[in-house]
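# Dropping the sequence and predicted coords here.
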Amino acid sequence: MAPLKKSTKNSTDEANNINVELMLRVKNGGKDAEIAFQKLIELHQNAVIGTIAKMLGNHSEAEDIAQQVFIRLWKSASRYKVKAKFTTFLYTITRNLVFNETKRKQRKKEHSLEEQEENTFTQIKDDIHNSPDQKILQAELKSHVDKAIHNLPEKQRLAVILRRYENMPYEEIADVLELSIPAVKSQLFRARGALRESLSYYLTQS
């Protein structure tokens with residue numbers, strides 16, 4: 001088992017080295033900067049869009065904000081310093097833009113938490129009666145998990161997404177959220193409890 005962990009760590013370090021090298025090429029400017037930046041977009045665009053979509057619950061909005069993330073990444077290239085993993089730098093930008101968007105939506109009060117929860121559990125009841133097939137149930141469960149995650153407080157939500165979907169270590173999540181590692185673990189513990197409670201009706205029926 002030890003060699004496998006070492007191999008995984010080496011692979012992660014190698015990926016970060018590639019990211020850092022590309023970002024430094026962007027920082028240095030010139031034609032090579034555009035090529036390097038395009039490569040960074042290719043490497044990280046899908047993950048960034050996926051993270052934003054799960055945070056906001058809207059894929060079309062996610063694409064627009066992801067574009068803003070990379071625009072901001074490009075503009076901040078001159079100030080880039082190799083202090084942490086490149087992904088920490090990238091997801092800190094993502095965090096700022098997503099949290100700003102969340103605050104904007106809260107001010108507009110487009111959707112209340114109560115309405116989201118009511119719609120979720122109403123759909124759960126309908127799905128259970130209308131979809132006996134196991135594969136369909138699994139797809140529905142994924143949908144309800146996404147909705148339950150979306151209803152979490154924003155820091156808990158991002159911590160869960162980065163841990164569950166991006167396999168990010170506690171240390172890096174702590175850097176992105178500007179929290180201590182114990183605080184991140186506490187956020188995840190509370191989030192998992194809330195998710196179990198939100199999904200309890202569906203889970204007992206599956």
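The structure has been received and is ready for your questions. In this text the structure is predicted, and so the values were computed from the model without any measurement.
# so who does the most centrally placed residue in the chain touch?
The residue lying closest to the centre of the chain (CA atoms, centre = their mean) is T51, at 3.0 Å. Shown in contact with T51 (CB atoms under 8 Å, 6 or more residues apart in numbering): 91, 94, 98, 158, 161-162, 165-166. Every residue, glycine included, has its C-beta placed from N, CA and C.
# who touches the closest residue to M168 other than its chain neighbours in this structure?
Distances taken as CB to CB, 6 or more residues apart in numbering place L162 nearest to M168, at 4.2 Å, with adjacent residues excluded. By CB under 8 Å, 6+ apart, the contact list for L162 reads 51, 91, 168, 172-173, 176.
# right, and the helix or strand after the helix or strand of the chain with the lowest mean pLDDT?
Across the helices and strands of the chain, mean pLDDT, DSSP states H and E gives its lowest value to helix 113-130, namely a mean of 47. Of the helices and strands lying after helix 113-130 in sequence (DSSP states H and E), the nearest is helix 134-150.
# Quick one: list the elements packing against that next one.
Applying 3 or more CB pairs under 8 Å, 6 or more residues apart in numbering; DSSP states H and E, we find helix 134-150 packed against helix 31-56, helix 113-130, helix 154-164, helix 181-198, helix 200-205.
# Kindly state the domain boundaries assigned to this protein.
Domain assignment for the chain by automatic domain parsing gives 1-110, 112-206.
# buried ones in stretch 35-42?
36-37, 39-41 (16 or more other CB atoms under 10 Å).
# no no, stretch 69-78
Here stretch 69-78 shows 69-70, 73, 77 as buried, counting by 16+ other CB under 10 Å.
# Which ones among these lie within helices?
For these, the ones inside helices are 69-70, 73, with DSSP state H as the criterion.
# and of these, the nearest to N10?
L73 (26.0 Å; CB to CB).
# Any stretches of this structure with poor pLDDT?
For the chain, the stretches with pLDDT under 70 are 1-8, 108-135, 137-138, 201-206.
# change it to 90
Where the chain drops to pLDDT under 90, the residues are 1-13, 30-31, 57-60, 81, 83-84, 102-151, 196-206.
# Correct me if wrong: L179 contacts E172.
No: using CB atoms under 8 Å, L179 makes no contact with E172, being 11.5 Å away.
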